[in-house]
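1. Predicted model, plus sequence, below.
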Amino acid sequence: MGTECLPHDAPQRGCLSPLGAQCGEPSPTESADAISADGFHGAAPRLIAAAYRRCYSRRLLRRAIGMASAQGGAITKQDAKTREGTLEDNVGWWLTKRAFLTPHREAYVDSHTGERLDFEQLNLRANRVANAFLGAGIAKGERVGLLMMNSPEFVEAFFALGKIGAVVVPLNWRLVGDELEFILKDAGVTRLIFDDDFAELVADLHSRGDRTDIHQWLQLEGAGETAHFAEPYRAFRDAAADDEPAIGAGADDMLYIMYTSGTTGLPKGVVHTHSTSIWACITIAATTYYREDDRFLSPLPMFHVGALTPIAVNVYRGVTSIVMRSFDPVRAWELVQEEKVSIAVAVPAMLNFMLQVPDLSRYDFSSWRWCLSGAAPVPESLIEEYAKIGIEVHQIYGLTESCGPAALIDPENALKRIGSTGKAFFHTDLRVVRPDGTDCDADEAGEVLVAGPHVMREYWNRPEATAETLVDGWLHTGDVARMDADGFVYIEDRIKDMVISGGENIYPAEIEKVLQEHPNISEAAVIGQPSEKWGESPFAVVVKTDPALTEADVVNFCQGRLAGYKQPKGAAFVETIPRNPSGKILKRLLRDQFPGPAPV
């Protein structure tokens, strides 16, 4: 017979108790025999999971742990911590709690397939994935690679692995085999989930034998046949139970290793724990302008922190994620109209492509309030053009190492202080410092330092790089910015991209901003070329929209708009500017393509 709920406990669906028969779970007395037979580690996790699944009551959870201890043997302090104290410190458990609070609210809309999942459905699928991996003998801390396009399966796997204490390694599907091999080996990935789209690439990786450590290959079934060395992912998932698994990780345990895009060399694995990820979500939720009924458009790839962290924020806030498998500007406008998108995230290049779609008036985008945009400087003209059609572009500054957040402009100042990336997030500290570590004066350029509980733990297997980047609790970003007297931050450039000409520091972003004002230039990047006279001189690489545009036109356009030493000494034309998946210009490739010397 079920016992009554204690005061202030919140039973689900009219149950008498989280441990009572009306909940569909055995009562404590009915479970005694099972507990005695299985011992604590056999039966108690089921009782504990039942308590959280039904009422999320701390007192009743402690009662379950106490009964398990009495009936099935001693319970250690570590057991109690794992079973109780860290539940709210586990990102995977967030999905459990959200499914309890708003089970039938829409969680995920797949723009590619049209599939729709509410939070209860998404959570049950995550549970199956978690239990399937537990059944396959996965260990805490084991690394699992996700080589997948944006999909519900990516999200369910992320939360599932988080619940049970495995570590997610999101993989950039634009990389070639050698690049992926490096990351897989460096991270020690032992299991891989991959899309049918990448079957040929993965077959190549499999053929390399012990050059990776992978022993389980799971293929997300598509039109093609499942590889002979792989298991069908959905069959693997659906054969498992959808019961809540015991929580297998706490605040300080690793959640994922995300590899940087390698703009200056080999990629480094950024380690984020459950705690750093949770704090990133909390500081975003505290600083941005979410509403309970918001519908969030996400066109960025989930192997990027700019997509993965917002997905977790949306679960925390109970917001619907409308996810694009891959970005298409026309489809983006269609989704805004069809799904009543109210908020979004996109890199500047995406927003620029969307503005180039003909006849925007045919779309109803009246629901769209704001869009976060970062990863590269947001042109002021882009902010102004979106403002004209009633959409606020909120420039955001962040890094993989900060789990996303660092600074954000608020709606009140988005246009008044155009060009600023705002102030530090609520739970974030930000400084601009000189090379000697002292704070810069107002409007003086220096390096950006970021601190907060959401900053990465380390670079995986890179103690020297970690020590160089994390100093006295501050993340040294390598970005140059100035901060005005009111605390608003203006990002100037990357320190490593700075051009030093005749002893003067030149920030390419300043020149690029001028070039992008030219009516016949769609994109511009500026690099330094060696100069016998000046040491280095700026050189422009541009994408032109008018075939008649000449090198002289580009150079002459900067006269009167920039100081003489800042003006590019030459220019070259390309079809596209190379960028990494987050939208940052790959200037090392441009330096290789245009090594100089600079024109005299």
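-> Received it, and whenever you're ready, just let me know what you need.
2. CA atoms for contacts and neighbours, from now on please.
-> Noted.
3. roughly how far apart are residue 526 and residue 355?
-> Distance, residue 526 to residue 355, using Cα to Cα, to the nearest Å: 24 Å.
4. Between those two, tell me which one has more neighbours.
-> residue 526 (27 against 17; other Cα atoms under 10 Å).
5. if I look at that one, how far off is residue 351?
-> 21 Å.
6. In the stretch 251-400 of the chain, where is pLDDT below threshold?
-> Filtered on pLDDT under 70, the stretch 251-400 of the chain yields the residue ranges 261-265.
7. Sketch out the helices for it, chain order is fine.
-> Secondary structure of the stretch 251-400 of the chain (DSSP state H, counting those that start in this stretch): helices at 274-287, 305-317, 329-339, 348-355, 380-388.
8. can I get these in TSV with distance to residue 104?
-> As requested, these are exported to TSV (distance: least, Cα to Cα, whole Å):
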stretch	distance to residue 104
helix 274-287	22
helix 305-317	13
helix 329-339	17
helix 348-355	32
helix 380-388	34
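9. For residue 169, list the residues it contacts.
-> By Cα atoms under 8 Å, 6 or more residues apart in numbering, the residues touching residue 169 are 143, 144, 145, 146, 187, 189, 256, 257, 258.
10. now swap in residue 470 and tell me
-> By Cα under 8 Å, 6+ apart, the residues touching residue 470 are residue 476.
11. still on that earlier bit, including neighbour count and distance to residue 411, could the contacts of residue 169 go into a markdown table?
-> Conversion of the contacts of residue 169 to a markdown table gives the following (neighbours: other Cα atoms under 10 Å; distance: Cα to Cα, whole Å):
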| residue | neighbour count | distance to residue 411 |
| --- | --- | --- |
| 143 | 26 | 40 |
| 144 | 28 | 39 |
| 145 | 24 | 38 |
| 146 | 25 | 36 |
| 187 | 24 | 40 |
| 189 | 22 | 42 |
| 256 | 25 | 32 |
| 257 | 25 | 33 |
| 258 | 27 | 31 |
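12. Quick check: of those residues, which lies closest to residue 338?
-> Residue 338 lies nearest to residue 146 out of those, by Cα to Cα, at 29.6 Å.
13. Quick check: that closest one touching residue 173?
-> No. Judged on Cα atoms under 8 Å, residue 146 makes no contact with residue 173 at a distance of 9.3 Å.
14. Would you map the strands across the stretch 451-600 of the chain?
-> Listed in chain order, the strands of the stretch 451-600 of the chain (DSSP state E, counting those that start in this stretch) span residues 458-459, 470-471, 474-483, 489-494, 499-501, 504-506, 521-531, 535-544, 571-573.
15. The top helix by length along the chain to helix 305-317, inter-axis angle?
-> Counting by DSSP state H, the longest helix found in the chain is helix 119-135. On the basis of axes from the mean of the first three to the mean of the last three Cα atoms, to 10 degrees, helix 119-135 is oriented at 110 degrees to helix 305-317.
16. Mind checking the pLDDT average for helix 119-135?
-> Average pLDDT, helix 119-135: 98.
17. Would you point out which residue is most central in the protein?
-> Nearest to the mean C-alpha position of the chain, counting by Cα atoms, centre = their mean, stands residue 305 at 2.0 Å.
18. Quick one: the strands in the stretch 301-450 of the chain, in order.
-> For the stretch 301-450 of the chain, strands defined by DSSP E, counting those that start in this stretch occupy the ranges 320-323, 343-345, 370-373, 392-397, 407-408, 423-424, 429-433, 446-451.
19. What residues of stretch 424-435 count as buried?
-> Across stretch 424-435, burial judged by 16 or more other Cα atoms under 10 Å covers 424, 425, 426, 427, 428, 429, 430, 431, 432, 433.
20. Going by distance to residue 417, which of the residues you listed wins?
-> Closest approach to residue 417 among the buried residues of stretch 424-435 (Cα to Cα): residue 424, at 15.0 Å.
21. Residue 286: what's it in contact with?
-> Residue 286 neighbours (Cα under 8 Å, 6+ apart): residue 426.
22. any idea how far residue 425 is from it?
-> 8 Å.
23. do the same with residue 571
-> Look at residue 571 and residue 425: by Cα to Cα, they are 39 Å apart.
24. again, but for residue 234
-> For residue 234, the distance to residue 425 - Cα to Cα - is 39 Å.
25. swap in residue 198?
-> Relative to residue 425, and taking Cα to Cα, residue 198 is found at 38 Å.
26. returning to what we had before: include distance to residue 552 when you put the strands of the stretch 301-450 of the chain into CSV, please.
-> Output for the strands of the stretch 301-450 of the chain, formatted as CSV (distance: least, Cα to Cα, whole Å):
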stretch, distance to residue 552
strand 320-323, 44
strand 343-345, 37
strand 370-373, 33
strand 392-397, 33
strand 407-408, 38
strand 423-424, 40
strand 429-433, 37
strand 446-451, 33
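27. Which one of those lies nearest to residue 248?
-> Among the strands of the stretch 301-450 of the chain, the nearest to residue 248 by Cα to Cα is strand 320-323 (26.3 Å).
28. want to throw the buried residues of stretch 424-435 into TSV with pLDDT and distance to residue 94?
-> Converted to TSV, the buried residues of stretch 424-435 look like this (pLDDT from 0 to 100; distance: Cα to Cα, whole Å):
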residue	pLDDT	distance to residue 94
424	97	25
425	97	22
426	97	21
427	97	20
428	97	22
429	97	26
430	97	28
431	97	32
432	97	35
433	96	37
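29. Return the member of those residues nearest to residue 95.
-> Nearest to residue 95 out of the buried residues of stretch 424-435 is residue 427 (Cα to Cα; 22.7 Å).
30. which residue sits closest to that closest one in space, ignoring its chain neighbours?
-> residue 283 (5.3 Å; Cα to Cα, 6 or more residues apart in numbering).
31. Surely that neighbour touches residue 426?
-> Yes. At 5.5 Å, residue 283 counts as touching residue 426 under the criterion of Cα under 8 Å.
32. tell me the contacts of residue 108?
-> Applying Cα under 8 Å, 6+ apart, the residues contacting residue 108 are 116, 117, 118, 119, 122, 152, 320, 321, 322, 323.
33. quick one: it is in a strand?
-> Yes. Counting by DSSP: H, G, I helix; E, B strand; the rest coil, residue 108 falls inside a strand.
34. For it, give me the pLDDT.
-> Confidence score, pLDDT, at residue 108: 98.
35. follow-up on the earlier one: so which of the contacts of residue 108 is the closest to residue 542?
-> Residue 542 has its nearest neighbour among the contacts of residue 108 in residue 323, at 31.6 Å by Cα to Cα.
36. Kindly tell me how buried residue 472 is, as a neighbour count.
-> Neighbour number of residue 472 under other Cα under 10 Å is 8.
37. With the one 10 residues further on instead?
-> Applying other Cα under 10 Å, we find 24 other residues in the vicinity of residue 482.
38. leaving aside the residues next to it on the chain, what's closest to it?
-> Closest residue in space to residue 482, ignoring its immediate chain neighbours: residue 445 at 4.5 Å, by Cα to Cα, 6+ apart.
39. What about the one you found? Give its phi and psi, please.
-> phi -80, psi 140 (degrees, to the nearest 10).
40. How is this protein divided into domains?
-> Domain segmentation of the chain under automatic domain parsing yields 1-76, 106-483, 498-593.
41. Select, out of these, the one closest to residue 91.
-> It's domain 106-483; of the domains of the chain, that one is closest to residue 91 (Cα to Cα) at 5.9 Å.
42. Which pLDDT value goes with the residue nearest to residue 482?
-> Note for residue 445: predicted pLDDT of 91.
43. go on, the one 5 residues further on?
-> The score at residue 450 is 98. That number is its pLDDT.
44. now do residue 29
-> For residue 29, pLDDT reads 36.
45. can you check the one 4 residues further on too?
-> pLDDT recorded at residue 33 is 39.
46. repeat for residue 467
-> 96.
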